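> need a structure here:
(2 chains)
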Amino acid sequence: MSIMTHLDQLEAEGIHIIREVVAQFRKPVMLYSIGKDSAVMLHLALKAFYPGRLPFPLLHVDTGWKFREMISFRDKIAADLGLELLVHTNPDGVAQGVGPISHGSAVHTDIMKTQGLKQALDHFGFDAAFGGARRDEERSRAKERVFSFRDRNHGWDPRNQRPELWNLYNGRIGKGESLRAFPLSNWTEQDVWAYIAREAIPIVPLYFAKPRPVVWRDGTWIMVDDHRLPLLPGEVPEMRKVRFRTLGCYPLTGAIDSQADTLEAIIGELAGSRLSERQGRLIDADAGASMEQKKREGYF
Amino acid sequence: MMSLLRFITCGSVDDGKSTLIGRLLHDCGAVPEDQLASLARDSERHGTTGRGNLDLALLVDGLSAEREQGITIDVAYRYFGTARRRFIVADTPGHEQYTRNMATGASNADLAVLLVDARKGLLTQTRRHSFILSLMGVRQVVLAVNKMDAIGWDQDRFNAIVADYRAFAAALGFTDIQSVPLSALTGDNVTRASAHTPWHAGPPLLALLEAAPAASDASDGPFRFPVQWVVRPDGNFRGLAGTVAAGAIQPGNSVRVLPSGRDSTIARIVTQDGDRDRAAAGQAVTLVLTDDVDVTRGDMLVPPGAEPEVTDQFTAHLIWMHDEPLLPGRAYLIRMGTATATAQITQIKHRVDVNSLDHLASHALGLNDVGLCNLSLDRPLPAEPYVDGRACGSFILIDRHSNATLACGMVLHGLRRAGNIQRQPMRVGKPDRVAANGHRPCVLWFTGLSGAGKTTIADLVEQRLHTAGCRTMSLDGDNVRHGLCRDLGFTPADRVENIRRVAHVAQLMAEAGLIVLVSLISPFRADREMARSLLPPGEFLEIFVDTRLDICEARDVKGLYRKARSGVLPNFTGIGSPYEPPTEPDLRLDTGAGPPASLADAVVRHLAQTGIIPSME
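Numbers count the residues shown, from 1 in each chain, chains lettered A, B, ... in the order given. Got it, this is the predicted structure:
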């Protein structure tokens, strides 16, 4: 009898889910957000169809405010692995000059992420989209299905979800409806790091501690990634050894003080940490715009 | 080596489930500091555990903003771990109306923690939950006797509850029942052994969870491999991707492909990390066979000699999970493993009262009902008892139109008659009858509201066809109810059965080479789809006699609308019961656009154009 470790089981479950989506849908796509969860999800997908190629493209919804290192990492991964990468930026948002600083995080996130994503899915006619979300991340996600049904407007109805039993996933949809699929539903942040270490999966260097130019703002360290971040009176960028636990738009993503510059050190740091992962995400704290609300409106 | 255990918590509403989960998460360090700080604030404000104490139930009920809005009925998953093991908890609510959520949570659980309030002992819900656990195949139960602090850690009381439970559960097939006296409130015997129970020899709850075998180790049974996807990057490689559902396989082993029954041999077990010399239950792999036998998604690889039965009829327990009730005779989609087929429930043998476990006669199953049913599929699939293997023993039913998941099912046994009743090949076949008639057979299915003009038009069509020398037969909704369907009423269930009978008779007549004209309100799309599925493509024409409700009601030839409006006919289509118009009928007759005679001509023209009858010109 072969005993599978918990990472083996999570890996097999993820591969099973990815294969199910490809088998049941006409035109799937993988949402690639460049973060560690996307890295793991992509790794599972490559395994799922080996020795074949990925039977779907990657889609990055670029808000225009991602860390520069994220963009260069994204392009390198796509080139190295020979993947089809689609990049979409909401042209209406660009035309109106929407950004997190001028418009605030709520408007920026809605227009550049949620609306941008819906535009891209509709434009290419994708009927299923993989996302790297995990149930341990956030309250409303704890309730979400692996196969998460979306109506014609990409909306999520938490009160009317399909029961999901065994590993039988019902991916049948009507015209114009779509699916979000979450192969990492049952993974925790620790699992993701342990798996990245085990499989030596490449990740964006921003996860590793390094001296970076930052300012202290809204109770967290914000990195001065380019000239677009206006400094408030009294703010002087300083070099601090910091790293990021999650990655998003740089003005909205707080760094933590850290000496962890290797995977082993990150895992060690995590074991000792008593703060939740998304605590550095400024968008989660927006009043009246909970994750559940955003998801109902079509956010991933 | 770190393993994974999936478990479910259940028990009555006030038995302390939320507090226990909160306690486990808290004591295992799975609650981050920022959440702990807000818990302290919430405990001051809403806590029920006294000043200065954390109310751990609020950790779980912290999700209750959504819960109050109705998501409380849903299963949530939580994650924690120790140095020895990772855990996934399916947290399901305790109320009676949430049977389906408990079943969902139990479907993947290796073990169940069943809470009992020490002060109350076994309750109806304890019994109901135990039955559902048993039905879903959970074999290990930890009986957590909670609130022991409230009864002064009374050993006799604890022993009495455990004895009660063992007596009750004897018939439920659990292989392992452990029990722990604990207090979720104080944490005694949850993660650490309590000083209050020197009389209890067993370990605390967490230690039991750490030591429990993961029941999903299905490596022992015979090999089962549902094919998910065929990997074919180029002409040289053809791999069958899937997850081993049970047993194990090695290169060189022979396999049989079901349902086709063709044999082959495993050549390679491929993964990105290199070829393997063995693949066992739970592993996602890609198998390469030694030869090019035809295998697609939906097929199942099994060892020759240890095969499941391949059958189109079996008996299964169903848990109905949707507001729309189960209707015998209606065509549903069934998903078993990776295969999809059409299934009808031919008989509800009984419904189980989940509280008393009594068997009750029933004509339909509603939300959260459990029933034992006979199913009939449109094609044979591998099926074996759920207790022998989930790959061929579990399934879900899906609505063909809304695509909703309606039910889950657990196979009890195959029905022998599927194998014993064989089709008798006859010397004179359909082609011979067609040749003798000079026209092709078909079923003209006239659907529409009562009084829409179905029978009038069908009658005119039949006269024209008869005059042209075609062999015809009419099946009229009113007429069949005098004989073939005289035992049926107008409830949704009876309507489905009415249509099923008429559809099968129409099919037989088409087999005889006739053009069959069916006039039947047939208000539900699913039932018309079922009728269509009985006939070869092109031999079933759905003709929508489209007359507005207010016009039908104004005509009221039979006086039925008046009766319906006065409440005498409760399920009358259009008034007390819906009519689902065809979305893509083969022919739509707009009765406002012309007299019945010209509409009948349109039908005959359509038959000539589609080659059913020779051109009349």
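
> Now do the helices for chain A: every range, in order, please.
Secondary structure of chain A (DSSP state H): helices located at A:6-24, A:36-49, A:68-81, A:91-95, A:100-108, A:116-124, A:189-199, A:263-272, A:291-296.

> Mean pLDDT, mean neighbour count and distance to chain B added to those helices, as CSV?
All C-beta atoms are positioned from the backbone trio N, CA, C, and that covers glycine. What follows is those, written out as CSV (pLDDT from 0 to 100; neighbours: other CB atoms under 10 Å in any protein chain shown; distance: least, CB to the nearest CB, whole Å):
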stretch, mean pLDDT, mean neighbour count, distance to chain B
helix A:6-24, 97, 23, 4
helix A:36-49, 97, 23, 5
helix A:68-81, 96, 15, 12
helix A:91-95, 93, 13, 30
helix A:100-108, 89, 17, 19
helix A:116-124, 93, 18, 19
helix A:189-199, 95, 19, 7
helix A:263-272, 89, 14, 9
helix A:291-296, 65, 19, 7
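
> Indicate which one of those is closest to residue B:469.
helix A:6-24 (49.1 Å; CB to CB).

> CA atoms of that closest one as PDB?
Taking only C-alpha atoms (Å, rounded to 0.1, in the frame of the first residue of the first chain), the coordinates of helix A:6-24 have been written out as PDB:
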ATOM      1  CA  HIS A   6      -1.000  15.500   2.300                       C
ATOM      2  CA  LEU A   7       0.900  17.400  -0.500                       C
ATOM      3  CA  ASP A   8       0.600  14.400  -2.800                       C
ATOM      4  CA  GLN A   9      -3.200  14.300  -2.100                       C
ATOM      5  CA  LEU A  10      -3.600  18.000  -2.700                       C
ATOM      6  CA  GLU A  11      -1.600  17.800  -5.900                       C
ATOM      7  CA  ALA A  12      -3.600  14.800  -7.200                       C
ATOM      8  CA  GLU A  13      -6.900  16.600  -6.400                       C
ATOM      9  CA  GLY A  14      -5.700  19.800  -8.200                       C
ATOM     10  CA  ILE A  15      -4.700  17.800 -11.300                       C
ATOM     11  CA  HIS A  16      -8.100  16.000 -11.200                       C
ATOM     12  CA  ILE A  17     -10.000  19.300 -11.100                       C
ATOM     13  CA  ILE A  18      -8.000  20.800 -13.900                       C
ATOM     14  CA  ARG A  19      -8.600  17.800 -16.100                       C
ATOM     15  CA  GLU A  20     -12.300  17.800 -15.300                       C
ATOM     16  CA  VAL A  21     -12.600  21.400 -16.400                       C
ATOM     17  CA  VAL A  22     -10.800  20.800 -19.700                       C
ATOM     18  CA  ALA A  23     -12.900  17.800 -20.400                       C
ATOM     19  CA  GLN A  24     -16.200  19.500 -19.600                       C
END
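
> Of the helices of chain A, which is nearest residue B:390?
It is, among these and with distance given as CB to CB, helix A:6-24, at 13.8 Å.

> Now do that closest one against helix A:36-49, angle only.
When axes from the mean of the first three to the mean of the last three CA atoms, to 10 degrees is applied, the directions of helix A:6-24 and helix A:36-49 differ by 70 degrees.

> Under the pLDDT cut-off, which ranges of the stretch 451-600 of chain B? List them.
Scanning the stretch 451-600 of chain B for pLDDT under 70 picks out nothing.

> What residue in it comes nearest to chain A?
Relative to chain A, the nearest point of the stretch 451-600 of chain B is residue B:583 (10.4 Å; CB to the nearest CB).

> Need phi/psi at that residue.
Recorded main-chain torsions at residue B:583 are phi -80, psi -40, according to degrees, to the nearest 10.

> count of neighbours near it?
By other CB atoms under 10 Å in any protein chain shown, the residues close to residue B:583 number 8.

> what's stretch B:518-527 in contact with?
For stretch B:518-527, contacts defined as CB atoms under 8 Å, 6 or more residues apart in numbering or on different chains pick out B:329-332, B:399-401, B:443-450, B:454-455, B:458, B:474-477, B:492, B:495-496, B:498-500, B:502-503, B:506, B:528, B:531, B:573, B:577-580, B:582-583.

> pretty sure residue B:162 is touching residue B:144, no?
No: in this structure residue B:162 lies outside contact range of residue B:144 using CB atoms under 8 Å: 11.0 Å.

> Need the residues touching each of those two.
With CB under 8 Å, 6+ apart as the test, residue B:162 and residue B:144 both reach residue B:179.

> Residue numbers of the stretch 301-450 of chain B in contact with chain A?
B:321, B:333, B:335, B:337-338, B:390, B:394-396, B:398, B:403-405, B:408 (CB under 8 Å from any CB of the partner chain).
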